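Participant: I would like to see how this sequence folds:
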Amino acid sequence: MSNILIINAHHYYRFAEGKLNGTLVQMADELLTADGHQTKIVEVDKGWDVDQELENHQWADIILLQTPVNWMGVPWSFKKYMDEVYTAGMGGALCNGDGLAAPKKHPRRIMAMAAHCRAKNTCSRSPSMPPKKPSITRMNISSGAVAWTTCYSPCT
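Facilitator: Alright, predicted model coming up:
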């Protein structure tokens, strides 16, 4: 079965104690464990050790994020968690670099994906028509690499 890292990204406030997020994390843990998966739970509000979090991410096959949406974004404490953990992971623990080096090495890949999304986002639909689901497209790029792109568009 899978190793699943569950991150509870709720940030405590007197008026928002995080009971719903805590309950959902507990339910996910119980259901996944009963199904034979191994789980680890991280509660961002209780603090974290960057090295331990890098190990947790390397251990995990799946990362499940439970978070409230505060003004269309995640809580500030989870943004700080991402900044610290994922920045530390760019040295090779989670990835090599931040992706900005890719255009120099493979500029066609990046340009092809951007052009594909721009092309999917142009259409003659009326703005009053409801948007459809995002399209996920498999693209074969000339170098032999395969990229998956997701384009959110009212035209797809």
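Participant: domain assignment for the protein?
Facilitator: 3-89, 102-151 (automatic domain parsing).
Participant: rank these by pLDDT, which is bottom?
Facilitator: Comparing mean pLDDT across the domains of the chain, the weakest is domain 102-151, with a mean of 45.
Participant: So what does Gln66 look like in phi/psi?
Facilitator: phi -110, psi 120 (degrees, to the nearest 10).
Participant: what does Leu32 give?
Facilitator: phi -70, psi -40.
Participant: For it, give me its contacts.
Facilitator: Going by CB atoms under 8 Å, 6 or more residues apart in numbering, Leu32 touches 4, 6, 39. Bear in mind the C-beta positions are built from the backbone N, C-alpha and C, glycine included.
Participant: quick one: which of those sit in strands?
Facilitator: Secondary structure assignment by DSSP state E places 4, 6, 39 of those in strands.
Participant: For the last one, list each beta-bridge partner.
Facilitator: In this structure, Thr39 bridges to Ile4 when assessed by DSSP bridges.
Participant: need the contact list for it.
Facilitator: 3-6, 28-29, 32-33.
Participant: circling back to that earlier point, which one of the contacts of Leu32 is nearest Val85?
Facilitator: Nearest to Val85 among the contacts of Leu32, counting by CB to CB, is Ile6 at 15.0 Å.
Participant: for that closest one, what are its contacts?
Facilitator: So Ile6 contacts 25, 28-29, 32, 39-42, 64, 66 (CB under 8 Å, 6+ apart).
Participant: what about the helices in the chain?
Facilitator: Per DSSP state H, the chain carries helices over the ranges 19-34, 50-59, 76-89, 102-105, 107-120.
Participant: now for the third one, which elements pack on it?
Facilitator: Packing partners of helix 76-89 (3 or more CB pairs under 8 Å, 6 or more residues apart in numbering; DSSP states H and E): helix 50-59.
Participant: Count residues in the vicinity of the residue nearest to His37 when sequence neighbours are not counted, would you?
Facilitator: Computed as CB to CB, 6 or more residues apart in numbering, the closest residue to His37 that is not its neighbour in sequence is Met1, at 4.6 Å. Using other CB atoms under 10 Å, Met1 has 10 neighbouring residues.
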